[in-house]
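# following is a predicted model, sequence given first.
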Amino acid sequence: MKRMTMIGDIGWSRFYHLGDEAMTEFALDALRERANVEVTLIAGEPDCAAAMYGVDAISRIGFKRDRPPNAARLQAILDHAQSDGLRGGLAADDPAIGVIEAVRDSDAVLIAGGGNLNSMFAHHIFERAALAKIARIFGKPYALTSQTLGPLIYDEDRDIVHDLLAEAEFVGTRESYTTRLAGELGAGDATVRRQVDDAFSLTAGDSDREAVADLADGPFVVASFAEKASSPMISDPDYRQRVIEIVRRIAEETGLRVLLVPHGGAFSPASPTRDQLTDAQIAAAADDESVQATRMLTARQLVALTERAEFVIGTRYHAGIFSGAAAVPFISLAPNLYSSIRMRGAAENVGMRDFVLPLDSIDDIVDTAAGVARNRDSLQATLRERSDARRHEHRKWWDFLVETTLGREEATASEGHPASAEAPGFFPADEVPNDYVANVELVRERLNAVQDYGLVMAVKDRRAALARTEVNRLKAKLKRAEGRIERADATIRRAESQQELRERKPAVRAIRRVQKLGIRVRGAARYAPRLGGRWPAEAEEQTLNGERQSRNRAR
């Protein structure tokens, strides 16, 4: 039996990010279907991930958002791995040791899908780079699947991302933007291929359909909205107000129930969070009984619910992935740079790019929703053909992945197709026209403006951050300099004090001798009458003169 170590951004007991979980869950399905393999998951909370997916799980290495400490930690981890624990200085309970041991005992390493290779999340870059470099130390092949790169890769991260890509067996990119960026960053000898997001092929079972049967009773729309805009173009309160207006108008104009389904939330007994809280606010503000916030669903349950929907709308990326796979029409709303790039990529998979709309085009959004509702059947027929083609292509991709990482003798191709050492191609899907907006070119330009403005603001924010970093560095340097000056002043004061004491020491000793002599003389004077003697006046005068001379010398 082969062993594989796999990382995904999954496995939290109090937070379930449906899209990330879906990609990792499908990867497990695909591996088990094709090979006799044991998987060790690197997860946020190992116990939670192990219980959820029925596999061994270990903790992530753990990196911070600050790069200098991350670089030092990365080097320590690699030293530990290369020296078999003789160097690096890792503590005995450091989670990195568990990852090193898991990779050493594995036959291959897989970095599951996501949008983590982004300088906004530098800790994720270092986590995956460390895993890849450990794999190389032990001579284990590794690959990346279902990835978005960037859109922001800062200069200081380019080398580490380059090495991560260049030393991989292959890299699966889920949009054309990422494919181009991978080429710019330099993928070396790695095979880079466009693919659909891995959640595209996640399937629902009968139990999943039964679990959502109460929600699917009657025609409905699935609507999934992120908890905030994450954009400099719109404040979060304004974002929620626009979403509320969109949802209310869609319910009024289509006569359909609108089910608000969270993609980021928590299962009971954990407290509701993120999308769940926003959905509750939207439902309350819409003041329409046809707008309903649902409970948190698993990824497979949402696949089952999406299959029954009239159409899907929202600002959540994977809403478009699930609906495209199920051949259900969808409208993706892009409030920011990151979502626009990913949503356009997902829509390109099935030719729905003109159904990605900027959030400020409320009339166009509502008109498109009404048009999609009227023409659902014809749109679905078009999407069904493309979905089937993409699923077939995706199966071939995973045949290639397993053979490349685990070996031809271990790989069993899906559906009886022989495994191939050559990565499959990616066919271009013809665009479905959005005939429901007055000026589709204007809509495209608005969406381009969202991306352009996002890039400009990202550059501005980055420069401001670098300036703050430089100011903080100079402040720290100044503080260290001031500390050195204070220490030097203290040293000088101590030296001067010690020198003064050294200079005064003989005089002090003389004064003390005279004082002692005076004490003895006065004592003798008090006892002299008892002895019948008299104290000569000249002797007393000489003693007093001696005291005065000693004090003068001390001054």
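The structure has been received and is ready for your questions.
# helix, strand, or coil at the residue nearest the centre of the chain?
Nearest to the centroid of the C-alpha atoms of the chain, with distances taken as C-alpha atoms, centre = their mean, sits Phe121, at 4.2 Å. Assigned by DSSP: H, G, I helix; E, B strand; the rest coil, the conformation of Phe121 is helix.
# ok, Glu127 next?
Using three-state DSSP, the three-state assignment for Glu127 comes out as helix.
# tell me the contacts of Tyr177?
Tyr177 makes contact with 148-151, 341, 344-345 under the criterion C-beta atoms under 8 Å, 6 or more residues apart in numbering. C-beta here means a position set from N, CA and C on the backbone, and glycine is covered the same way.
# and these as a markdown table, adding neighbour count and secondary structure?
As requested, those are arranged in a markdown table below (neighbours: other C-beta atoms under 10 Å; DSSP: H, G, I helix; E, B strand; the rest coil):
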| residue | neighbour count | secondary structure |
| --- | --- | --- |
| Thr148 | 23 | strand |
| Leu149 | 27 | strand |
| Gly150 | 23 | coil |
| Pro151 | 21 | coil |
| Ile341 | 25 | helix |
| Arg344 | 22 | helix |
| Gly345 | 25 | helix |
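# and the furthest pair within those?
Between all members of those, the longest pairwise span (C-beta to C-beta) is found for Leu149 and Arg344 and amounts to 14.7 Å.
# now the helix or strand encompassing Trp398: buried residues?
Secondary structure here is read from DSSP states H and E; on that basis Trp398 sits in helix 376-406. By 16 or more other C-beta atoms under 10 Å, the buried positions in helix 376-406 come out as 376, 379-380, 382-383, 386-387, 390, 393-406.
# same check, this time on stretch 64-73
Residues of stretch 64-73 classed as buried by neighbour count (16+ other C-beta under 10 Å): 67, 70, 73.
# then stretch 262-276?
Going by neighbour count (16+ other C-beta under 10 Å), the buried part of stretch 262-276 is 262-266, 272-276.
# ends of it, how far apart?
6 Å (C-alpha to C-alpha, to the nearest Å).
# how close does the residue nearest to the centre of the chain get to Arg308?
Applying C-beta to C-beta, to the nearest Å, one obtains 34 Å for the distance of Phe121 from Arg308.
# go on, Gly324?
On the measure of C-beta to C-beta, Gly324 and Arg308 end up 16 Å apart.
# between the two, which has more neighbouring residues?
More crowded of Gly324 and Arg308, by other C-beta atoms under 10 Å: Gly324, with 29 against 18.
# the more buried one contacts Met352, correct?
Yes. Here Gly324 lies in contact with Met352, judged by C-beta atoms under 8 Å, at a distance of 6.9 Å.
# mind listing residues that contact stretch 194-207?
The list of residues contacting stretch 194-207 from outside it, by C-beta under 8 Å, 6+ apart, reads 19, 22-23, 25-27, 29-30, 112-113, 145-146, 172-176, 179, 299-301, 303-304, 307, 318, 321-322, 324-325, 346, 349, 390-391, 393-395, 397, 426.
# rerun at 6 Å
22-23, 26-27, 113, 146, 172-174, 179, 300, 303-304, 318, 321, 325, 349, 390-391, 394, 397, 426 (C-beta atoms under 6 Å, 6 or more residues apart in numbering).
# ok, stretch 131-148 next?
Applying C-beta under 6 Å, 6+ apart, the set of residues contacting stretch 131-148 is 7, 23, 78, 81-82, 100, 103-104, 108-111, 113, 115, 164, 167-174, 178, 197-198, 342, 405.
# apply 7 Å and report the result again.
The set of residues that contact stretch 131-148 without belonging to it, under C-beta atoms under 7 Å, 6 or more residues apart in numbering, is 7, 23, 27, 78, 81-82, 99-100, 103-104, 106-113, 115, 117, 164, 167-175, 178, 195, 197-198, 342, 401, 404-405.
# now swap in stretch 248-262 and tell me
Applying C-beta under 7 Å, 6+ apart, the contact partners of stretch 248-262 are 215, 218-224, 247, 275-276, 279, 282-283, 286, 288, 290-294, 296-297, 302, 305, 310, 366, 369-370, 373.
# select only the buried ones of those residues in ChimeraX?
What follows is the ChimeraX syntax for the buried subset of the contacts of stretch 248-262, where burial is set by 16+ other C-beta under 10 Å:
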select :215,220,221,222,223,224,247,275,276,279,282,283,286,290,291,292,293,294,296,297,302,305,310,366,369,370,373
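# could you look up the SS state of the residue lying closest to Ala299 once chain neighbours are set aside?
Beyond its immediate neighbours in the sequence, the residue positioned closest to Ala299 (C-beta to C-beta, 6 or more residues apart in numbering) is Ala22, lying 3.6 Å away. When the structure is split into helix, strand and coil by three-state DSSP, Ala22 lands in helix.
# please apply the same query to Leu357.
The three-state label for Leu357, taken from three-state DSSP, comes out as strand.
# measure Arg193 to Gly425 for me?
Between Arg193 and Gly425 the computed distance is 8 Å (C-beta to C-beta).
# of the two, who's got more company?
Arg193 (20 against 10).
# secondary structure element holding the more buried one?
Under the criterion DSSP H and E, the helix or strand holding Arg193 is strand 191-194.
# partner strands of that strand and their direction?
strand 170-173 (parallel) (DSSP bridges).
# one step back: between Gly324 and Met352, which contacts overlap?
Common neighbours of Gly324 and Met352 (C-beta under 7 Å, 6+ apart) are Phe330.
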